[in-house]
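Participant: I'd like to go over a predicted model; first the sequence, then the structure.
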Amino acid sequence: MAAPKPKPADPIAELVDSLLVELGEDPHRQGLKATPERVSRALRELTDGYGVNPEDVVADATFDQDYDEMVVVKDIAFYSLCEHHMLPFFGHVHVGYLPKGKVVGLSKIPRLVEVFSHRLQIQEKLTKEIAEALSAVLAPKGVGVVVEARHLCMEMRGVERPGGQMITSCMLGTFRRDPRTRAEFLDLVKGK
């Protein structure tokens, strides 16, 4: 009978083990024994957006539809890691578009947000990527995206000021060109 193959080493877990030592910890003490593996699994989950083509997420759920009024999905919760400190930022995304003969299944917009937020990010880039991906798949008259988020890299380190939100927006097509369309979208997003 052949000997079992050794389990391949997890490079992220090994790095976390080394990191714990550098921080002055004992990675073999009871509370930390499984921490390198847990951190590895968490980081892989929080960055699993790299392995997903955003257009594939949406493409199979686009439908021909003669509807030309604004579609808005708001308050989509998200969590991401900032690319500068790998600390969380989190909040809500609001997405609107003006269809041009095609709509997308409702669940695909939050899924699109998830794909981009599960990458190392900055909020400005996240906002633009969501808008451009939806625009590329649907070719609508316009797209608007607003992201509101808290950043723990600001709250836990640096200026160490809790609270405060960063708000970013990306307006494409009619949402950029027509102040009335932009205002309607922003009013719908602000309405509670």
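Facilitator: The structure has been received and is ready for your questions. Since we're looking at a predicted model, the values are computed, not measured.

Participant: isn't residue 169 right up against residue 130?
Facilitator: No: using C-beta atoms under 8 Å as the test, residue 169 is too far from residue 130 to be in contact (10.9 Å). For every residue, glycine as well, the C-beta is placed using N, CA and C.

Participant: between these two, point out the one with more neighbours.
Facilitator: More neighbours surround residue 130 than the other of residue 169 and residue 130, with 25 against 19 (other C-beta atoms under 10 Å).

Participant: can you pull the buried residues of the one helix or strand residue 111 maps to?
Facilitator: Assigned by DSSP states H and E, residue 111 belongs to helix 108-117. Within helix 108-117, the residues that count as buried by 16 or more other C-beta atoms under 10 Å are 108-109, 111-117.

Participant: if we ignore the residues flanking it in sequence, what's nearest residue 186?
Facilitator: residue 146 (7.4 Å; C-beta to C-beta, 6 or more residues apart in numbering).

Participant: and what of residue 14?
Facilitator: Nearest to residue 14 is residue 36, by C-beta to C-beta, 6+ apart, at 7.2 Å.

Participant: count the residues that sit near the one you found.
Facilitator: Close neighbours of residue 36, defined as other C-beta under 10 Å, add up to 20.

Participant: which SS state does it fall under?
Facilitator: helix (DSSP: H, G, I helix; E, B strand; the rest coil).

Participant: wait, it sits on residue 20?
Facilitator: Yes: assessed by C-beta under 8 Å, residue 36 is found in contact with residue 20 at 7.2 Å.

Participant: which residues are in contact with both of these two?
Facilitator: Applying C-beta atoms under 8 Å, 6 or more residues apart in numbering, one finds that residue 36 and residue 20 are jointly contacted by residue 27.

Participant: coming back round to it: for the residue nearest to residue 14, what are its contacts?
Facilitator: 10, 12-14, 16-17, 20, 27.

Participant: and the helix holding residue 111, what does it pack onto?
Facilitator: Applying 3 or more C-beta pairs under 8 Å, 6 or more residues apart in numbering; DSSP states H and E, we find helix 108-117 packed against helix 54-59, strand 71-82, strand 88-98, helix 123-138.

Participant: turn those into TSV, including mean pLDDT.
Facilitator: Shown next, in TSV, are the helices and strands packed on helix 108-117 (pLDDT from 0 to 100):
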stretch	mean pLDDT
helix 54-59	88
strand 71-82	98
strand 88-98	98
helix 123-138	97
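
Participant: return the distance of the nearest residue to residue 182 once chain neighbours are set aside relative to residue 93.
Facilitator: Distances taken as C-beta to C-beta, 6+ apart place residue 175 nearest to residue 182, at 5.3 Å, with adjacent residues excluded. Shown here: residue 175 relative to residue 93, a distance of 15 Å by C-beta to C-beta, to the nearest Å.

Participant: again, but for residue 48
Facilitator: 18 Å.

Participant: the two: which is more packed in?
Facilitator: More crowded of residue 48 and residue 93, by other C-beta under 10 Å: residue 93, with 26 against 13.

Participant: who are the contact partners of that one?
Facilitator: 76, 78, 113, 127, 130, 145-147.
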